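Asks: Fold the following, please.
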Amino acid sequence: MLLFTLRRLIQSLFVLLAVSIVVFLAVYAVGDPVELLVSPESTVQDRLDLIAHLGLNQPIWKQYLIFLWGALHGDLGNSFVYSTPAIDLIISRMPATFELVVVAIFLTCAIGIPLGLVAGLYRDRVLGRGIMATSVLGYSLPNFWQGMMLILMFAVWLGWLPASGRGDTVSVLGVPLSIFTASGWRHIAMPAVNLALGNIALVLRLTAAGVAEAQSQEYVKFARAKGLRPGRIVRRHILRNILIPVVTVVGMEFGGLIAYSTITETVFAWPGMGKLLIDSVYQLDRPVVVAYVMLATLIFVVVNFVVDLLYAALDPRVQLAAATQ
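Replies: Predicted coordinates for the structure are as follows:
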């Protein structure tokens, strides 16, 4: 287990280094933020002073080394627009994104796994086929279109839910959270559902496929021959054995939702990290964009690292396979 953990840790560090190079070069090669930051009345000297102040007069390789050295010390640069540390800006928006993603993942598991079980157990009946057919919508509908339709239905036509914002928050250990207020739940309902729909369909179909495969296995047939109750067979033999791929996918999607919740946050004006990223791209605020991508990559890598460990703990064959490579 120790060797498996060390190998995954080294791979994760290489991923972070590769992403830092690609993102830094890609972001710093596009656009000129000085054009947006400098005043039209500014002189040439004022422009040159701003370029020097932002460090843009250095060769790009030197800018990257400065960035890398700062990143190793927890400094991802200062925002061009707000003149504050980019990491502080992102962290201030992180609670909103995290609670949105947590609620979306909860909905994914609470809805996707039970429906997948039903669809797998009754795959040859109308109920199972209907669930599987409906799940296709989760893949087919664009995320931004879903969001606009939710706003049109529940905010404009019915007037049940607010169309934007985060609602009232309460401080929990110094972190502002909206899920502990009634107003917060009304605001988070639509963006969380919008973020979860695609993943519900994914987990549903994955669970249904796992159930269908497990039912044909010898251990399930033997359990039935022993006269075990159907509910016990599902809980102890089928569900337990299909949880490994489900845990893997849910873990990966958790990291993915944190990194790529930008569309949902933009549609619902949710004040999270994704909304900050879109605003920073429009303003060519390079340090914030790079810091966001690096932080999102770090979260994604850590989540996948933890999932790999859980995967190896649930299935020791993974450790053996890694040891022979």
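
Asks: Going by C-alpha atoms from here, please, whenever you check contacts or count neighbours.
Replies: OK.

Asks: Give me the below-cutoff pLDDT ranges for the stretch 101-250 of the chain.
Replies: Residue ranges of the stretch 101-250 of the chain with pLDDT under 70: 217-220, 222, 224-225, 227, 231, 236-237.

Asks: quick one, strands of the stretch 51-200 of the chain?
Replies: All strands of the stretch 51-200 of the chain, identified by DSSP state E, counting those that start in this stretch, fall at 170-172, 175-177.

Asks: Adding mean neighbour count and distance to Val288, write these out as TSV.
Replies: TSV is the format used below for those (neighbours: other CA atoms under 10 Å; distance: least, CA to CA, whole Å):
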stretch	mean neighbour count	distance to Val288
strand 170-172	11	25
strand 175-177	16	21
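
Asks: if we compare these, which one ends up closest to Ala110?
Replies: Nearest to Ala110, of all the strands of the stretch 51-200 of the chain, is strand 175-177, at 21.7 Å by CA to CA.

Asks: Make JSON lines from the strands of the stretch 51-200 of the chain and add distance to Ser261 to it.
Replies: Shown next, in JSON lines, are these (distance: least, CA to CA, whole Å):
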{"stretch": "strand 170-172", "distance to Ser261": "23"}
{"stretch": "strand 175-177", "distance to Ser261": "18"}
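
Asks: among those strands, which is nearest Ile91?
Replies: That would be, of the strands of the stretch 51-200 of the chain and by CA to CA, strand 175-177, which comes in at 10.5 Å.

Asks: list the helices and strands the closest one packs on?
Replies: Judged by 3 or more CA pairs under 8 Å, 6 or more residues apart in numbering; DSSP states H and E, the packing partners of strand 175-177 are helix 86-121, strand 170-172.

Asks: Nearest to Val101, out of the strands of the stretch 51-200 of the chain?
Replies: Val101 sits nearest to strand 175-177 of all the strands of the stretch 51-200 of the chain, at 12.8 Å, using CA to CA.

Asks: Provide the secondary structure category for Ala212.
Replies: Applying DSSP: H, G, I helix; E, B strand; the rest coil to Ala212 yields a three-state assignment of helix.

Asks: Isn't it up against Leu117?
Replies: No - in this structure, Ala212 is not within contact of Leu117 by CA atoms under 8 Å, at 9.0 Å.

Asks: and those two? which has more neighbours close in?
Replies: Leu117 (24 against 19; other CA atoms under 10 Å).

Asks: show me the contacts for that one.
Replies: Residues near Leu117 by CA atoms under 8 Å, 6 or more residues apart in numbering: Leu204, Thr207, Ala208, Val211.

Asks: In strands only, show me those residues.
Replies: Judged by DSSP state E, strands contain none of these.

Asks: Present these as JSON lines; the columns should include distance to Ile111 and neighbour count.
Replies: Output for those, formatted as JSON lines (distance: CA to CA, whole Å; neighbours: other CA atoms under 10 Å):
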{"residue": "Leu204", "distance to Ile111": "8", "neighbour count": "28"}
{"residue": "Thr207", "distance to Ile111": "11", "neighbour count": "26"}
{"residue": "Ala208", "distance to Ile111": "13", "neighbour count": "27"}
{"residue": "Val211", "distance to Ile111": "16", "neighbour count": "24"}
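
Asks: Just the ones of these in helices?
Replies: Of these, the ones assigned to helices by DSSP state H are Leu204, Thr207, Ala208, Val211.

Asks: Which one of those is nearest to Ile278?
Replies: Leu204 (30.9 Å).

Asks: Was I right to think that closest one contacts Thr134?
Replies: No - the pair Leu204 / Thr134 is not scored as a contact, 10.5 Å apart, by CA under 8 Å.

Asks: Between the two ends of stretch 136-151, how far is it?
Replies: 22 Å (CA to CA, to the nearest Å).

Asks: Show me where the stretch 201-325 of the chain has its helices.
Replies: Taking DSSP state H, counting those that start in this stretch to define them, one finds helices in the stretch 201-325 of the chain at 218-225, 230-232, 240-259, 262-267, 273-282, 286-314, 317-324.

Asks: most tightly surrounded among the ones you listed?
Replies: Comparing the helices of the stretch 201-325 of the chain on average neighbours per residue, with mean count of other CA atoms under 10 Å, the densest one is helix 262-267 at a mean of 22.

Asks: And the contacts of that helix?
Replies: Here helix 262-267 makes contact (CA under 8 Å, 6+ apart) with 143-144, 147-148, 191, 194-195, 270-275, 277-278.

Asks: Can you give me the domain assignment for the chain?
Replies: Structural domains assigned to the chain are 2-72, 90-324, following automatic domain parsing.

Asks: And the ones you listed: which comes nearest Phe80?
Replies: Here domain 90-324 is closest among the domains of the chain (CA to CA), at 5.5 Å.

Asks: now the closest one, how far from the chain's geometric center?
Replies: Offset of domain 90-324 from its chain centre (CA atoms, centre = their mean, to the nearest Å): 9 Å.
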